[in-house]
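Student: A structural model of the following input is requested.
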Amino acid sequence: MEPRIRTSFLVFATVGLLLLIEIAEALGDIPYSSEVPGAETPSGSTQPPLWKKIGPVYWSLLQKSPFVTKSLTAGIIAGIGDGLSQLFEYSVFRSLDKFQFRRFLSVAAESAFFSGPLMHIVYDYLEELFPIDTVEGQQKWINSAIQTFLDIAVMNFIWVLSMIVFTAIMEGKMHRISLEMRTEYIPAVKVAWISSIVFAPVQLVSFKSLPVELRVMAMNIQDVVWNASVSYMAHRSRKDKPKIN
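Tutor: Just a heads-up that it's a prediction; the model follows:
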């Protein structure tokens with residue numbers, strides 16, 4: 001693997017991870033406010049909900065520019081997922097002889113400009129259809145389960161489709177889209193389902209415990225494995241061919 005490219009990825013991944021660490025280490029730094037939906041504490045409790053203990057910088061950005069913040073978060077974490085996938089392919093499968101920086105950027109861009117924004121829209125819409133933040137008790141679990149099921153069963157078709165088409169276009173391999181849709185799409189969807197089902201309990205609890213504003217970030221973090229798996233499936237048949245002058 002080329003040292004310069006490897007260093008570029010490590011710097012990118014480190015910045016992304018530091019952002020997540022900053023959020024985790026800033027627990028409790030945000031003052032409690034009941035003006036945000038879902039912020040009410042249980043009766044007799046003096047502690048704010050767990051989701052209100054998020055890093056102050058990220059929460060501020062999320063309130064000011066939710067669409068942009070969620071999109072950039074999705075792009076950073078997706079890039080980390082593809083980077084891990086490429087490192088795995090290089091060290092275990094020996095299917096890569098160098099780090100594919102263009103592929104890395106295309107996966108990050110796909111999440112930043114398509115999947116991330118779409119998750120923002122879809123999760124808001126699901127919250128309108130099956131509200132979680134405004135209900136209590138058993139209904140909260142039921143609606144969380146419905147949203148989780150729809151995200152896994154339905155949206156994986158769209159996420160995988162976008163990954164294949166968007167990255168093929170950005171990597172200059174648009175001519176391969178038809179072939180990959182015939183040969184790689186369904187296998188990639190199955191891998192996406194497996195990854196999603198494995199983490200379904202985590203997603204269920206996240207949807208039940210977090211307000212809709214934070215579910216995209218929660219899923220982005222969870223989807224590091226998903227992105228690595230689907231990126232591998234989407235790219236495994238793409239081989240660089242020598243140019244003929």
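
Student: shaky segments in the protein?
Tutor: Applying pLDDT under 70 to the chain flags the ranges 1-55, 239-245.

Student: most centrally placed residue in it?
Tutor: Relative to the mean C-alpha position of the chain, the nearest C-alpha, by Cα atoms, centre = their mean, is the one of N220, at 2.7 Å.

Student: what's the neighbour count on G137?
Tutor: Residues near G137, counting by other Cβ atoms under 10 Å, number 7. Heads up, the C-betas are built off the backbone N, CA and C, glycines and all.

Student: buried residues in whichever strand or helix holds G79, which are they?
Tutor: With elements taken from DSSP states H and E, the one containing G79 is helix 66-88. Of all the residues in helix 66-88, those buried under the rule 16 or more other Cβ atoms under 10 Å are 69-87.

Student: could you tell me how far it lies from the centre of the chain?
Tutor: On the basis of Cα atoms, centre = their mean, to the nearest Å, the separation between the geometric centre of helix 66-88 and that of its chain is 7 Å.

Student: now for that helix, which elements pack on it?
Tutor: Judged by 3 or more Cβ pairs under 8 Å, 6 or more residues apart in numbering; DSSP states H and E, the packing partners of helix 66-88 are helix 3-25, helix 56-64, helix 101-110, helix 116-129, helix 212-235.

Student: which helices and strands does the second one pack with?
Tutor: Under the contact criterion of 3+ Cβ pairs under 8 Å, 6+ apart, the helices and strands touching helix 56-64 comprise helix 3-25, helix 66-88, helix 212-235.

Student: report the angle between the longest one and helix 56-64.
Tutor: Between the axes of helix 212-235 and helix 56-64, defined by axes from the mean of the first three to the mean of the last three Cα atoms, to 10 degrees, the angle is 100 degrees.

Student: give me the buried positions along helix 212-235.
Tutor: Neighbour-count burial for helix 212-235, with 16+ other Cβ under 10 Å as criterion, is recorded at 212-220, 222-224, 226-235.

Student: hmm, back to that, among the helices and strands packed on helix 66-88, which is nearest V160?
Tutor: Using Cβ to Cβ as the measure, helix 212-235 is the one of these that comes nearest V160, at 5.9 Å.

Student: and that closest one, what does it pack against?
Tutor: Under the contact definition 3+ Cβ pairs under 8 Å, 6+ apart, helix 212-235 sits against helix 56-64, helix 66-88, helix 101-110, helix 116-129, helix 156-170, helix 185-198, helix 200-209.
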